[in-house]
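J.: have a look; sequence and predicted model below, questions after that.
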Amino acid sequence: MKQQTIVFEVSDNIKEKMTDYYADLKRDKTPPYAVFQAIEADTIVTLYESGKVMFQGISADIDANMWKDQESTINKRNIDAEIAEKEAKKEAKKEEAKDYRFIGVPTIGSDECGTGDYFGPIVVAATFVDNSSINLLEELGVKDSKKITDDKIMKIAPTIIKKIPHVTYILSNKDYNASSDNMNKMKALLHNQALFKLVNENNFEYKYIVVDQFCHPRNYFSYLKAVDKKITKITFTTKAEDKCLSVAAASIIARYLFIKEMEALGNQLNIFLKKGAGLEVDRLGAELVKKHGHDILKSIAKLNFKNTDKINALLK
């Protein structure tokens with residue numbers, strides 16, 4: 001007979017029933033984050049605080065089926081269907097991670113930086129990468145900029161900028177604050193601008209135009225409804241920076257320019273501007289407002305971020 005392990009999530013009312021049912025079978029020692037661990041015949045049953053329950057043993061399926069039936073009768077849940085759906089999603093993610101479409105073929109890709117940072121502009125870059133550029137980028141260790149330190153980006157980005165065809169757009173805080181409050185719309189407009197310029201001002205032969213999927217493609221194109229000059233043949237994919245060298249190169253250029261812009265803004269104020277949108281950013285924002293007045297945020301920050309309200313609260 002084969003050992004089995006079966007795991008699924010139980011409803012709150014079933015958790016109560018399980019706790020009562022296994023009251024006399026509980027082990028003295030409980031694993032971390034477990035409500036209880038019990039043993040019935042040759043099956044070990046562990047109920048976790050998260051609501052997940054694990055059955056381990058030769059007869060694990062028999063014990064698990066008893067509670068699956070309870071879920072079906074009381075809560076109208078089909079646990080086996082839920083497990084199958086989760087497994088299908090896991091497999092889909094695995095297949096997505098094995099996306100080989102963009103390897104060894106010429107591509108155009110775009111990426112952005114600064115959309116999650118309260119201070120600083122939004123930078124979008126688009127690059128063209130063909131087979132002649134692949135060795136260079138791989139030697140430089142090009143991958144998603146979020147997985148490379150800023151120090152390395154500052155070293156390798158100038159070479160990429162010099163060697164790889166690209167287009168960049170920098171949206172200042174002043175222009176951002178005068179534009180739409182919808183961040184995804186702003187990103188779509190900027191990606192489209194960079195891609196359109198790169199494609200239409202050159203005669204590149206490419207197989208794919210790749211954009212990291214930050215919203216549903218239907219929404220992306222709805223944001224461009226009023227735009228006359230647009231790129232429509234786009235392959236959207238999640239984690240594109242890991243799959244496509246042109247997107248990875250664009251991410252590094254965008255990050256490099258964002259860092260340079262942040263340094264320039266900081267130098268103007270004689271202060272180091274913090275990245276991100278956490279508590280330290282709120283405190284720094286309050287400090288800057290005390291020193292320069294509220295208008296300073298218009299030229300260095302994205303005012304529609306929640307940080308603005310938090311800064312105002314710190315100043316009260």
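T.: Received the coordinates, thanks. Numbers count the residues shown, from 1 in each chain.
J.: average model confidence for stretch 116-133?
T.: On average, the pLDDT along stretch 116-133 is 96.
J.: so where do the strands sit in this structure?
T.: Taking DSSP state E as the test, the strands found in the chain are 4-9, 34-40, 43-48, 52-57, 107-113, 122-129, 166-171, 208-212, 235-237.
J.: who touches the shortest one?
T.: By that I understand strand 235-237. 96, 99, 101, 208-213, 217, 220, 243-244 (C-beta atoms under 8 Å, 6 or more residues apart in numbering). Quick note: C-beta positions are derived from backbone N, CA and C, even for glycine.
J.: so which of the strands of the chain gets nearest Asp24?
T.: strand 34-40 (8.6 Å; C-beta to C-beta).
J.: re earlier: could the strands of the chain be laid out in TSV, adding distance to Ile83 and mean neighbour count?
T.: Below are these laid out as TSV (distance: least, C-beta to C-beta, whole Å; neighbours: other C-beta atoms under 10 Å):
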stretch	distance to Ile83	mean neighbour count
strand 4-9	6	16
strand 34-40	20	17
strand 43-48	16	20
strand 52-57	12	19
strand 107-113	36	29
strand 122-129	41	28
strand 166-171	45	20
strand 208-212	31	24
strand 235-237	27	17
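J.: any weak-confidence spans in the stretch 1-150 of the chain?
T.: Scanning the stretch 1-150 of the chain for pLDDT under 70 picks out 1, 94-98, 144-145.
J.: closest one to Phe272 among the strands of the chain?
T.: Closest to Phe272 of the strands of the chain is strand 107-113 (C-beta to C-beta; 17.9 Å).
J.: what lines up beside that closest one in the sheet?
T.: Applying DSSP bridges, strand 107-113 is found paired with strand 122-129 (antiparallel), strand 208-212 (parallel).
J.: Asp99 contacts Thr238, doesn't it?
T.: No - using C-beta atoms under 8 Å, Asp99 is not in contact with Thr238, being 9.5 Å away.
J.: looking at the strands paired with strand 107-113, which is nearest to Ala248?
T.: Smallest distance to Ala248 across the strands paired with strand 107-113 (C-beta to C-beta): 8.7 Å, for strand 122-129.
J.: how far out from the middle of the chain is that closest one?
T.: Strand 122-129 sits 18 Å away from the centroid of its parent chain (C-alpha atoms, centre = their mean, to the nearest Å).
J.: please apply the same query to stretch 115-133.
T.: For stretch 115-133, the gap between its own C-alpha mean and the chain's C-alpha mean amounts to 15 Å (C-alpha atoms, centre = their mean).
J.: ok, stretch 124-137 next?
T.: Computed by C-alpha atoms, centre = their mean, the separation of stretch 124-137 from the middle of its chain amounts to 23 Å.
J.: again, but for stretch 193-202
T.: Taking the mean of its C-alpha atoms, stretch 193-202 sits 26 Å from the chain's own mean (C-alpha atoms, centre = their mean).
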